[in-house]
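>>> Structure for the following, please:
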Amino acid sequence: MFFLAFNILTFGVPLSMVCAVIGLAAAFFLIAAVVRSPAGNQRMREISAAIQEGAKAYLNRQVITISSIAVIIFILLFIFKDRPTAIGFVIGAFCSLSAGYIGMRIAVIANVRTTQAATESITKALRMAFNGGAVTGLLVVGLALLAVSIFYTVVSRIAGQQIAVGSLVGLALGASLISVFARLGGGIYTKAADVGADLVGKIEKGLEEDDPRNPATIADNVGDNVGDCAGMAADVFETYAVSLIGVILVGALTLPNNPAAVIYPFVLGGISVLGAILGVVFVNVAGGKPANALMGGVITSAIVSAVLFWPATHYLFPTGVMIAGGMRSPTQLYWASVVGLIMTAVVVVITNYYTSMHYRPVQKIARASETGHATNIIAGLAVGQQATALPVGFIAIAILVSFHFGGLYGIAIAVMAMLSMAGIIISLDSFGPITDNAGGIAVMSKLPREVRNVTDQLDAVGNTMKAVTKGYAIASAGLAALVLFGSYVQELEMHVTRNGEPFVFKFSLTDPKVIIGLFLGGLLPFLFTAFSMDAVGKAAGAVVREVRRQLQVHPGIMTGQDTPEYARCVDIVTKAALREMIVPALLPVIFVVAVAIIPQMGPVTLGGLLVGTIVTGLFIAIAMTSGGGAWDNAKKFIEEGNLGGKGSFAHQAAVTGDTVGDPYKDTAGPAINPMIKVVNILAILIIPIFF
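Next up is the predicted model:
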């Protein structure tokens, strides 16, 4: 036992690197398998090329815009912090951008091949779409684990472990800040195009989804890739990397004399990559209904992780560990990790209930559509707000139980275990936009209706999966932010005592500074989402005006005699998304620095701001993503022939609800996730600069 513990302790980080490389190798194997598959007829390939060109053009311009901001932050960190932190920031930013870019490119390649597979069978289409998404899932966890482990190892050997742990915060900030930009920019793009296409195409002209006569249809399909693929990949890359770094920080700060506390999260991360690969294999060999096959992959991944966590925990902590004055056994630490796995299952089940068309909440919104547009909106808002209760309740239980097993370190372990499911969960998320685009290509290529029926079935499953993965990302972000807040307090105490001063800060609710911080932190998610929603509205308005102009100037578009100017809409949305994303993305930076720089506020007010942001951000994000997903599937429930079917009064009302829900679930709501962590990471980073 002691020999094995010594080996894992010595080689834990290198083993995690090996597992990360295996994950990346599996991703490249899937890339080769997708690329080798048939891409359909000439018309299908032309449409796919147009979508790919638009997505690539947007991401290239986004990289240029973000890079200019990243350079400024790098220089500031280099001057006011230290060299390793600044380098870590660049690595985190680069990897976050890379994960999104590669994931998007493969998703675009998989779109048309899924359409072609749908001409043969639903099972082949399912596997093609899932494998395209699995590239992103495996790429995200492999790249995140490899980046953190290599950076930690190199800096540890050059400058020592203490500096290595501290500079990891820079890598986390780079990943988080880039993720906010990617989430916001992609979300604004996809929903502005979607809303603009729906308002004119569906409501005013009565066109079908993805009708080639709609000038905004290519922009809409491009948006699915830059928002749901690139944006989500960057989002989960930073969630995984930040959670891993958060656990390392907690281990180093709370258990400074126990090296196993720092190695443990690396080992859990390595195990998770293997579990994700086996989950992908399960989906590729399983039969039956699409939803059952996908959920089977999740269950397989969870079981593998749960089984392998047991020996890893006992080998690393053979005699237990002293936490907060009490001895915790390896079994207790293991149960803390199981709490994280159970939380993943709980979030999946709850979000599925509130967003799947098979359950009461979505059907309630659909029935409300029979009495009008306003009642649909009212029902959707109610469902979104109701959907916060169960997730937040279970998050509270998870915090309580994991704290019982291992204190703050136990909560950190639960977070890492929950993120161990990221590989398979993100595979499900990318599955959604791939099937959505596959359906669009089927319509624009004028393939038989049977093909669109197959892609519609997969798209309905994909909508639910997207909502589930957003719920998962937000719930894990809530737990991770709590761990980061604990790290903030610990880091602040160490910084003050290191300078020979007594630690006198108390975060008491009787202190007006704490209350002010709570108010400011609670305000931030509201301002952030307001700017995000307004950005979608402005960009969508520009698309609506352009679509109306084209249909008015070229009436032959509606009869098929003229071809729409798709590139005009793509260009309008690209410029609007890049312009509108900057202010909301910088809001969390402005809030944190402003509070830190004002002498009357300081570290106590900043601590209150962190808690306030976590609390309100968690509720708003869950309400928006669940409500938006429910609105979307309520529309699809009616389109399946219920309550009058397509073209009915109920369907028109449901389209309005879906249009409102689009920026809820794909722009503002998901972007809160990285925004919360930017606030917490930046607060830790600026402690030695301002305090």
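
>>> Nearest spatial neighbour of Pro674, chain-adjacent residues omitted?
Ser179 (4.0 Å; Cβ to Cβ, 6 or more residues apart in numbering). (Glycine included, C-beta is placed from N, CA and C.)

>>> Touching, that neighbour and Ala233? I think so.
No. Applying Cβ atoms under 8 Å, one finds Ser179 not in contact with Ala233, separated by 9.3 Å.

>>> list the contacts for the residue nearest to Pro674?
96, 234-235, 237-239, 674 (Cβ atoms under 8 Å, 6 or more residues apart in numbering).

>>> let's go with 6 Å and repeat that
Neighbouring residues of Ser179 by Cβ atoms under 6 Å, 6 or more residues apart in numbering: 96, 234-235, 238, 674.

>>> Now go through those and say which are in helices.
With helices taken from DSSP state H, the overlap with the contacts of Ser179 comprises 96, 234-235, 238, 674.

>>> So which of those residues wins on neighbours?
Glu238 (35 neighbours; other Cβ atoms under 10 Å).

>>> Relative to Ala175, how far out is that one?
4 Å (Cβ to Cβ, to the nearest Å).

>>> Spit out the residues that contact the two alike.
Contacts common to Glu238 and Ala175, judged by Cβ under 6 Å, 6+ apart, are Ser96.

>>> picking that back up, which strand or helix spans the residue nearest to Pro674?
Taking DSSP states H and E as the criterion, Ser179 maps to helix 161-197.

>>> helix or strand right after that helix?
Next element after helix 161-197 (DSSP H and E): helix 217-223.

>>> what sits against Ser329?
With Cβ under 6 Å, 6+ apart, Ser329 has these contacts: Gly320.

>>> Tell me what angle the longest helix along the chain forms with helix 161-197.
The longest helix of the chain (DSSP H) is helix 449-498. Put simply, helix 449-498 runs at 150 degrees to helix 161-197, going by axes from the mean of the first three to the mean of the last three Cα atoms, to 10 degrees.

>>> Next SSE downstream of helix 449-498?
That would be, after helix 449-498 and using DSSP H and E, helix 512-553.

>>> Pull the distance from stretch 590-608 to the chain's centre.
For stretch 590-608, the separation from the chain centroid amounts to 28 Å (computed by Cα atoms, centre = their mean, to the nearest Å).

>>> Let me see the mean pLDDT of that stretch.
The average pLDDT within stretch 590-608 is 90.

>>> same thing with stretch 206-221?
pLDDT averaged over stretch 206-221 gives 82.

>>> Enumerate the positions of it that are buried.
Under the neighbour-count criterion of 16 or more other Cβ atoms under 10 Å, stretch 206-221 has 207, 209-221 buried.

>>> How about stretch 558-573?
Quick answer for stretch 558-573 (16+ other Cβ under 10 Å): 564-566, 568-573.

>>> Which of the residues you listed fall within helices?
566, 568-573.

>>> of all the residues you listed, which comes closest to Ser272?
Of all those, Ser272 sits closest to Val573, with 36.0 Å by Cβ to Cβ.

>>> quick one: pLDDT of the closest one?
pLDDT, Val573: 88.

>>> out of the contacts of Ser179, who's nearest Arg36?
Ala234 (27.4 Å).

>>> Isn't the closest one up against Ala182?
Yes. Assessed by Cβ atoms under 6 Å, Ala234 is found in contact with Ala182 at 3.8 Å.

>>> Quick check: neighbours shared by those two?
By Cβ under 6 Å, 6+ apart, the residues touching both Ala234 and Ala182 are Gly100.

>>> Low-confidence ranges, the stretch 351-500 of the chain, go.
Applying pLDDT under 70 to the stretch 351-500 of the chain flags the ranges 499-500.

>>> Might you list the low-confidence residue ranges for the chain?
1-8, 499-505.

>>> For it, which segments count as strands?
321-323, 326-328 (DSSP state E).

>>> which residues does the closest residue to Gly196 other than its chain neighbours contact?
Spatial nearest neighbour of Gly196, excluding adjacent residues (Cβ to Cβ, 6+ apart): Val543 at 2.7 Å. Val543 is in contact with 192, 196, 216, 569, counting by Cβ under 6 Å, 6+ apart.
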